[in-house]
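K.L.:
no sequence on this one, just coordinates:
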């Protein structure tokens, strides 16, 4: 069984091919179908698709017998879950106190202005998602920017511009 | 060539099937361990990793595995947890000799191997020099940052390889558990912990012995839960403990389980600490394989199984009832705690929840006794506390100090004072639930303790300690913390949700120059309401940053509201920069630093800022040695 | 069962171990305002309107009356100035969100609220959680409190009309600000929430009289809970009125056949 890919390229309509046997492996094999591990199952599913597709959530609901509205509640409560597809790169600006005092707010502002998106949103060409994260614990090298799990210490406008220039060239 | 084999599990050392077996195991490890064999300890804590320490380890391994060793022992280059002095990272310590190297890059590695390792030659440029001196300090233990600390709970971090349990066993891990299982009853353990007067290190400071005692009295299945959801921005003590010495925490949890009568443990780690999760996921199976965790621990029949659960990005899940809801796969909404979680917690069962640092203290308390622990600290706050010292301070990093130490000693004695010749304005403790302490100008000094910090309107908190200098706007700090909680509040109760909406509204207006007469009074009214009427600890401490900054820095609020000015030069609509003609030397540094080319001026002549171009990024202000850029 | 000595607003009374302050207050005709409390549901203590002060040791503390269990001798003060001030703020803040609640409007007068103090948030919800808790108590399949903090709101999964709802209408009944409505249109029951259709439930059509009637899923749910599995097959689908009429006719026929008299329904009995 697999989902269908919609022909139109609108973000809302774009459906993802769901690999249900992979979902089974995550839900049943890795976590034993245990309702208590639901958050970790959702994280594993999000790891695969880079967001939580509705079809996957529906399947999860059926297998572990938790109402879909409850899963939706959990997905909208925890900041790390996304119900919308993410961009190719995820750029997180740390907003911890040390980073904030060293100007991370200005970095977020700069990226927002340059790309025309606010934190939580993705550029229209789906290349970059801008996020903020609450303290990664690298306060000595504040301000910190994380791009796809790689930490950029003492980030500044020049570093960010360089990254965004490279992105444009892709 | 003889390869150092300390890390390979010797074939004859298998599962430990008795507590005495652990002692024998350790003796065997000691026999094989040559304390004079060189070791290269590379800090792999989050800060140093961000600065590139992983590449440094790899380069060491590459260079060391090359030819040219004439029968000498190849030093071990190992990842260790956070050494603590994060502002000087990546850090490398070479043993024996305790030689300290700072800011080590990949390019320095070959030099270190050729000169220091092979020829005992010290590389001066990599050595530590205090902020305002050229005198090098060779040994890590002599550096004031370390020398002035009392590293009890952090004693293994930076010395052991967290991915190799043998390293931890060599330094004593699990011997306290062995003692407990052979020579102490559960009540003996509770008594010892109570005797130590250890108080919860997560922030609230509840007496740990009392909590364990209450849990032990309950009926039914009991759970031992470790709160590793360290969400305070600027706090990374628990992260460092889990990444650098996971076994001390696991051992503490096992001892607790024995004391309260539990066989099931859960470690709830926040999603933003993937390295800690990875370290634990490797450490637990290693301990289980040796019979130190899991079923039939050390052959005594005592079972304790630990499961790791991850958070998903919610600060409120650091609150114990929200954490337990999250452990059950639900939203992390706190529930009213009129019935404590030791009675009804996880799965509505008695649950003992403690912070990472609290558990990490337990093995030493068992080994050395409660009296030993009480010999540190004060009457009401015994022992030591790990703080994450960050902000405008020279030595940023993790410090462990005895309770009762003066805050000024931490900031100046250990922290090395304020950089860039700025003056100290205040210290914020307790994160978003804490307050700003106006040292030294309003309060000359304060001895760190639970009660003392509460008296001045702050809290101990989990350990985040943020040093603020004169360039910090306290109104903006207040707005920052309210904004943080505005996003992290679960939203279920009126006072917290609505109180934060309105406080954020008011503070944002004030920092944008639209403050109104009566705003401060309204903030105080809403703040007290939120603190008194909210459902959980997040809400009942949400207004602390607002109320404490109003209490101690009222003149800044007044300046923002009445004069529409930000004296600290932070709130952009409320100030501008001007270069003082009298002190400007025309050196041109500000001009080169300006990212928007808003400064004009010839060499040796007064420079001028074009206000229409200036984006108030602070670069010129920070870089001018003569303090000629003035906040107007 | 242990009896506790409680001083309630200066009057000495007794309480049962574990009794909530709200229960005790109601026993003694002491009024404490509530919003998110319902006798049908477990207390959530979300609105905080029922906050009172209790003194169990030395210091008074603020607790919510609806769920604070009395377990020691204590003093309870339900209407101190601090408590009243807090309630005043709660009402002002909630009215700024949703000014049309009749209960809140009444309380606003009682507490002397200044309804101009806070700028309107233009929401139609006081986030009391009653609808979601009611839904959870019935089937738990439709409504939940999505989001967090200030973005918290009642929603259905993926903001789409729910296909799991049974159309019982508990949410409609329980909403204290009457912002959830239900309408039956063209054979479909719709629950309207925040101006959007939150669920659509098909209504079967009576094969006897042709009217649309209560959702089958609702009836099925009720019958399953009562331990019966009597679902009429689709082609014999009959609405409750027709069903009652048919049953009455059947019973009447049987009765009078037994006694040799046949009566049409509605005729006066002939003894």
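P.N.:
Received it, and whenever you're ready, just let me know what you need. What you see is a predicted model; the values in this text were computed from it and never measured. Numbers count the residues shown, from 1 in each chain, chains lettered A, B, ... in the order given.
K.L.:
From here on, just use CA atoms for contacts and neighbour counts.
P.N.:
Fine.
K.L.:
how is the chain carved up into domains?
P.N.:
No chain was given, so I picked chain A. As recorded under automatic domain parsing, the domains making up chain A are A:1-85, A:89-169.
K.L.:
Chain B is the one I meant
P.N.:
B:38-147, B:173-374, B:384-469, B:474-563, B:576-631.
K.L.:
All the helices of the stretch 1-150 of chain C, residue numbers only.
P.N.:
Along the stretch 1-150 of chain C, counting by DSSP state H, counting those that start in this stretch, helices occupy C:21-27, C:81-97, C:102-110, C:130-138.
K.L.:
circling back: just say which of the domains of chain A is most tucked in.
P.N.:
Of the domains of chain A, the one with the most neighbours on average (mean count of other C-alpha atoms under 10 Å in any protein chain shown) is domain A:89-169, at a mean of 19.
K.L.:
Of all the helices of the stretch 1-150 of chain C, which one comes closest to chain A?
P.N.:
helix C:130-138 (9.7 Å; C-alpha to the nearest C-alpha).
K.L.:
still on that earlier bit, could you dump the domains of chain B to a markdown table with mean neighbour count, distance to residue C:23 and mean pLDDT?
P.N.:
Shown next, in a markdown table, are the domains of chain B (neighbours: other C-alpha atoms under 10 Å in any protein chain shown; distance: least, C-alpha to C-alpha, whole Å; pLDDT from 0 to 100):
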| stretch | mean neighbour count | distance to residue C:23 | mean pLDDT |
| --- | --- | --- | --- |
| domain B:38-147 | 19 | 53 | 84 |
| domain B:173-374 | 22 | 16 | 96 |
| domain B:384-469 | 22 | 34 | 95 |
| domain B:474-563 | 22 | 20 | 97 |
| domain B:576-631 | 17 | 59 | 90 |
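K.L.:
do you know which of the ones you listed lies nearest residue A:42?
P.N.:
domain B:173-374 (9.6 Å; C-alpha to C-alpha).
K.L.:
Okay, now the unreliable bits of chain C?
P.N.:
In the predicted model, chain C carries pLDDT under 70 at residues C:1, C:219, C:222-223, C:227-236, C:261-271.
K.L.:
Against chain B, how distant is the residue nearest to the spatial centre of chain C?
P.N.:
Closest residue to the average C-alpha location of chain C: residue C:174 at 3.0 Å, with C-alpha atoms, centre = their mean. According to C-alpha to the nearest C-alpha, to the nearest Å, residue C:174 and chain B sit 18 Å apart.
K.L.:
Quick one: residues contacting that residue.
P.N.:
Counting by C-alpha atoms under 8 Å, 6 or more residues apart in numbering or on different chains, residue C:174 touches C:130, C:131, C:134.
K.L.:
Ok, which of the domains of chain A comes nearest residue C:123?
P.N.:
Judging these by C-alpha to C-alpha, what sits closest to residue C:123 is domain A:1-85, at 19.1 Å.
K.L.:
Residue C:150 against residue B:491, yeah?
P.N.:
Yes: using C-alpha atoms under 8 Å, residue C:150 makes contact with residue B:491 at a distance of 5.9 Å.
K.L.:
Now the common contact residues for these two.
P.N.:
residue B:497.
K.L.:
What residues sit buried inside the longest helix anywhere in chain C?
P.N.:
Longest helix of chain C, by residue count under DSSP state H: helix C:240-258. Neighbour-count burial for helix C:240-258 flags C:242, C:249, C:252, C:253 (criterion: 16 or more other C-alpha atoms under 10 Å in any protein chain shown).
K.L.:
From chain B, how far off is the third one?
P.N.:
Taking C-alpha to the nearest C-alpha as the criterion, residue C:252 is separated from chain B by 55 Å.
K.L.:
what's the distance between that residue and chain A?
P.N.:
According to C-alpha to the nearest C-alpha, residue C:252 and chain A sit 46 Å apart.
K.L.:
Just give me the neighbour total for residue C:39.
P.N.:
Summarising burial for residue C:39: neighbours were counted as other C-alpha atoms under 10 Å in any protein chain shown, giving 6.
K.L.:
Repeat that for the one 4 residues further on.
P.N.:
Using other C-alpha under 10 Å, the number of residues around residue C:43 comes to 17.
K.L.:
thought it was touching residue C:65?
P.N.:
No: at 9.7 Å, residue C:43 does not count as touching residue C:65 under the criterion of C-alpha under 8 Å.
K.L.:
Kindly report the residues of the stretch 301-450 of chain B close to chain A.
P.N.:
Residues of the stretch 301-450 of chain B lying close to chain A by C-alpha under 8 Å from any C-alpha of the partner chain are B:309-314, B:326-332, B:390-391, B:396-397.
K.L.:
re earlier: of all the domains of chain A, which one is nearest residue B:445?
P.N.:
Of all those, domain A:89-169 sits nearest to residue B:445, with 22.7 Å by C-alpha to C-alpha.
K.L.:
for the closest one, how far is the first residue from the last?
P.N.:
Start-to-end span of domain A:89-169 (C-alpha to C-alpha, to the nearest Å) is 14 Å.
K.L.:
Skipping adjacent residues, who's closest to residue B:29 in space?
P.N.:
In space, and not counting its chain neighbours, residue B:29 is closest to residue B:170: 6.3 Å by C-alpha to C-alpha, 6 or more residues apart in numbering or on different chains.
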